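# Sequence plus predicted model, see below.
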Amino acid sequence: MLVEVKGVQFQNQGAHLMLLAVLERLQLLVPEARIVLSAGPESPIECIEQLGALRKLRLRKRWFDANALGYALPHPVSAALIRRGRAAEGQVDAVLDASGFAYGGDWTPWLMTYAADEIRRKADRGQPYIFLPQAFGPFPASRAATRFGAALERAAMIGIRDARSQRLLAELNPRLEGRLERYPDVTIGLRGDPAAAERWGVDHRTVLLIPNWQMTGERNPDTAWRSGYLQFLSDLAVHVHQQGREPVLLNHEGRGDAAICEQVAAARPGTRIITEPDPRAVKAVIGASSAVVSSRYHGCLAALSQGVPCIATSWSHKYQELFAEFDVPQWLLARCDAAEAATLLAASLADRRSHSQRLLEHSTRQKAEVARLWRRVGALLQGAPASGRQS
């Protein structure tokens with residue numbers, strides 16, 4: 001059985017963590033499955049090969065999409081592709097879409113168009129296209145959005161992470177309302193590497209600052225944050241130091257976030273930067289810290305789910321929804337104000353033990369929901385018809 005895991009990558013630690021969470025569960029649910037991944041700038045071929053995964057053959061660019069040809073490949077051609085570590089769309093038996101946040105007006109409309117076409121092609125052959133829990137929208141009044149909304153009716157499962165995504169999808173296509181299934185993010189139960197925190201010197205004195213270059217980009221509608229974000233981080237590092245703790249910058253994404261880390265460290269000499277390629281190690285580092293100030297969704301989730309207080313900035317609705325799920329909406333910053341962030345940080349640390357206990361209670365409930373999700377996904381995969389053209 002060939003299973004494509006879509007929307008993941010190796011540079012963004014959240015997307016990489018989602019890939020690892022999916023692989024871990026697939027080994028239990030469908031141990032005979034082979035994984036198919038798309039190569040790209042953030043998913044180098046060598047990383048795909050190291051996992052033992054097949055590389056997807058992509059026959060599309062902008063409006064041109066010839067992936068439907070993959071369903072008509074003769075058996076010798078299909079077999080030759082597999083031997084060379086490749087797979088066409090027509091050879092894939094099921095799709096697990098773990099994009100996280102990719103479908104809506106903030107992103108290129110081609111993502112919605114391509115997904116719509118692939119959903120239909122899979123549905124025509126009884127092969128499941130499964131959306132793992134993710135954030136959706138907002139949707140523009142566009143042909144691509146309308147096409148995507150209509151195609152979702154034929155998806156085997158539409159997993160959503162939050163109430164606003166549910167509302168936006170129902171507005172896009174009212175017929176979807178009864179089809180939307182809400183679960184927490186799949187990474188919540190993935191364990192970190194316990195040796196990582198000691199290796200990086202992170203402990204109860206450490207406050208991690210996790211930047212996100214999207215805070216300074218066009219997708220952030222708040223101009224105050226866009227213009228003041230770097231100064232905010234620099235000032236916050238000073239406040240943390242004044243509170244008797246060590247501010248440490250954690251690069252959670254790659255080149256974009258690395259540039260912000262370097263600029264803040266240059267403004268505040270002596271501030272350490274952690275750049276760790278292993279997402280399990282990153283999760284453990286976050287879990288060992290005293291507190292986190294994060295602009296990355298999965299940085300926030302890794303903190304909250306491990307009982308670590310987290311103050312957050314936001315550039316999309318997925319942050320508000322996450323902090324509401326953990327019943328700490330007050331930790332989401334409304335203004336670009338380092339002093340306010342420092343005050344919230346100090347208050348969360350003053351009562352850290354009780355905060356941690358409540359966060360862990362929410363985490364335990366959410367992990368149970370993720371287990372329910374995987375039982376649902378497992379049943380869909382077990383019922384998927386094999387293409388018969390994989391060897």
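Received it, and whenever you're ready, just let me know what you need. Numbering: from 1, shown residues only.

# ok, which stretches of the stretch 101-250 of the chain are helices?
Applying DSSP state H, counting those that start in this stretch to the stretch 101-250 of the chain gives helices spanning 109-124, 143-151, 163-172, 196-200, 223-242.

# among the ones you listed, which is nearest Arg353?
helix 196-200 (19.1 Å; CB to CB). (C-beta placed from N, C-alpha, C; glycine too.)

# Going by neighbour count, which residues of the closest one are buried?
Neighbour-count burial for helix 196-200 flags 196-197, 200 (criterion: 16 or more other CB atoms under 10 Å).

# I'd like the average pLDDT over it.
For helix 196-200, mean pLDDT rounds to 96.

# ok so, going back, with the buried residues of helix 196-200 in mind, which one is nearest to Leu360?
For those, the nearest to Leu360 is Ala197 (17.7 Å; CB to CB).

# Without its sequence neighbours, what residue ends up closest to Ser305?
Ser363 (4.4 Å; CB to CB, 6 or more residues apart in numbering).

# And that neighbour, what's its pLDDT?
Looking at Ser363, the pLDDT reads 98.

# Please list all residues in contact with it.
188, 304-307, 326 (CB atoms under 8 Å, 6 or more residues apart in numbering).

# Of those residues, which is the most crowded?
The most crowded member of those, judged by other CB atoms under 10 Å, is Leu304 (29 neighbours).

# Remind me which helix or strand that one belongs to.
helix 297-305 (DSSP states H and E).

# who does that helix touch, helix- and strand-wise?
helix 13-29, helix 279-288, strand 291-294, strand 310-312, helix 317-325, helix 352-382 (3 or more CB pairs under 8 Å, 6 or more residues apart in numbering; DSSP states H and E).

# Nearest to Ile260, out of these?
The nearest among the helices and strands packed on helix 297-305, by CB to CB, is strand 291-294 at 12.8 Å.

# Direction included, what does the closest one pair against?
strand 206-210 (parallel), strand 310-312 (parallel) (DSSP bridges).

# What segments of the stretch 1-150 of the chain are strands?
Using DSSP state E, counting those that start in this stretch, the strands assigned to the stretch 1-150 of the chain run over residues 2-6, 34-37, 54-56, 60-61, 64-65, 86-87, 94-97, 101-103, 129-136.

# give me the beta-bridge partners of Met157?
The partner residues for Met157, given DSSP bridges, come to Ile130.

# Help me confirm that it comes into contact with Tyr183.
No. Applying CB atoms under 8 Å as the test, Met157 and Tyr183 come out as separate, 10.0 Å apart.

# Any regions of this structure where pLDDT drops low?
For the chain, the stretches flagged by pLDDT under 70 are 387-391.

# Which residue of it lies farthest from its centroid?
Pro76 (37.0 Å; CA atoms, centre = their mean).

# contacting residues for Leu169?
136-137, 149, 152, 158, 160, 176, 180.

# Would you mind measuring from it to Pro138?
10 Å (CB to CB, to the nearest Å).

# and if you look at Asp337?
26 Å.

# Next: Ala338.
On the measure of CB to CB, Ala338 and Pro138 end up 29 Å apart.

# repeat for Arg272
38 Å.

# cool, Asn67 as well?
From Asn67 to Pro138 the distance is 28 Å (CB to CB).
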